[in-house]
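**Q** only geometry, no sequence info:
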């Protein structure tokens, strides 16, 4: 039944419908926004993996905690308009 479900002419029709719906001018902007979102997602997952892999260090004497600098999401080279600091959440609150 679904032996030849996705043939090249199906893809051609799909691309034609997408171009007609969204217009050729908006497609590059949509692709650029999708690329930025993927970069942000990749950097955040990498940061989460790095946080989870480092063992907690015990300080010999309790003292005042030094505040850490806020993390910043890295953007594409030359694009400084979308860089923003990331708010850190503690594990106990939502």
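**A** Structure received. From a predicted model like this one, the values you see are computed outputs, not experimental measurements. Residues are numbered from 1 along each chain as shown.
**Q** going forward, measure contacts and count neighbours with C-alpha atoms only.
**A** Noted.
**Q** I'd like to know how far residue 32 sits from residue 38.
**A** To residue 38, residue 32 is 10 Å away according to C-alpha to C-alpha, to the nearest Å.
**Q** can you tell me the helix or strand for residue 18?
**A** Assigned by DSSP states H and E, residue 18 belongs to helix 8-22.
**Q** quick one: low-confidence parts of the chain?
**A** 1-2, 4, 54-94 (pLDDT under 70).
**Q** helices of that one, start to end?
**A** Per DSSP state H, the chain carries helices over the ranges 8-22, 26-53.
**Q** could you check the angle the first one makes with helix 26-53?
**A** Going back to what we said before, that points to helix 8-22. 100 degrees (axes from the mean of the first three to the mean of the last three C-alpha atoms, to 10 degrees).
**Q** give me the contact list for helix 8-22.
**A** residue 27 (C-alpha atoms under 8 Å, 6 or more residues apart in numbering).
**Q** just to revisit the earlier point, what would the helices of the chain look like in TSV with mean neighbour count?
**A** Shown next, in TSV, are the helices of the chain (neighbours: other C-alpha atoms under 10 Å):
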stretch	mean neighbour count
helix 8-22	11
helix 26-53	12
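**Q** for stretch 17-33, how far is the first residue from the last?
**A** 21 Å.
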